[in-house]
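S.K.: from the sequence below, what's the structure:
(2 chains)
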Number of protein chains: 2
Amino acid sequence: MDIRRRLGSNLRRLREARGLSQEAFAYEANIHRTYVSDIERGARNPTILIVEKLAKSLGVTAGELLD
Amino acid sequence: MDIRRRLGSNLRRLREARGLSQEAFAYEANIHRTYVSDIERGARNPTILIVEKLAKSLGVTAGELLD
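M.R.: Here you go, the predicted structure:
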């Protein structure tokens, strides 16, 4: 699977496991809600600094979001 | 450590473990040599598609390059 889709699928799974809506997660991660939505659909190719920001907000490593 | 420096340090370690010069690795990964050098110095913020390309050339996962 393309790394963008793996990221999207992992992000959605981990976000939902924490009971967070896209809005709530976007607010916590300080990222626009539509950007979170795009990433979850695999429609974005974010940089590693963005991946780190997402990972920190979820309390996981960047690798856990990408592998 | 910043994720850009972790990527740089992991990339250099794995590239050298394979006995590859920056030139040889850049050629295999189909990336410009100066870009490889910049990444190893932590001076770039590459996208996840670039990280996947680097990882595949080294036979590791993207997470192994970032964590």
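
S.K.: just give me the neighbour total for A:Ser57.
M.R.: 20 (other C-beta atoms under 10 Å in any protein chain shown). Every C-beta, even on glycine, is put in place using the N, C-alpha and C of the backbone.

S.K.: so how far is A:Leu14 from the nearest residue to it once chain neighbours are set aside?
M.R.: Counting by C-beta to C-beta, 6 or more residues apart in numbering or on different chains, A:Ser57 lies nearest to A:Ala29, which is 4.0 Å off, once chain neighbours are set aside. Here A:Ala29 is placed at a distance of 12 Å from A:Leu14 (C-beta to C-beta, to the nearest Å).

S.K.: how about the residues of chain A by chain B?
M.R.: A:3-4, A:7, A:45-49, A:51-52, A:61-64, A:66-67 (C-beta under 8 Å from any C-beta of the partner chain).

S.K.: what helix or strand is the closest residue to chain B within chain A located in?
M.R.: Ranked by C-beta to the nearest C-beta, the top residue of chain A for proximity to chain B is A:Gly63, at 2.4 Å. Using DSSP states H and E, A:Gly63 falls within helix A:62-66.

S.K.: mind listing what's buried in stretch A:8-17?
M.R.: By neighbour count on 16 or more other C-beta atoms under 10 Å in any protein chain shown, the buried set for stretch A:8-17 is A:Gly8, A:Asn10, A:Leu11, A:Arg12, A:Leu14, A:Arg15.
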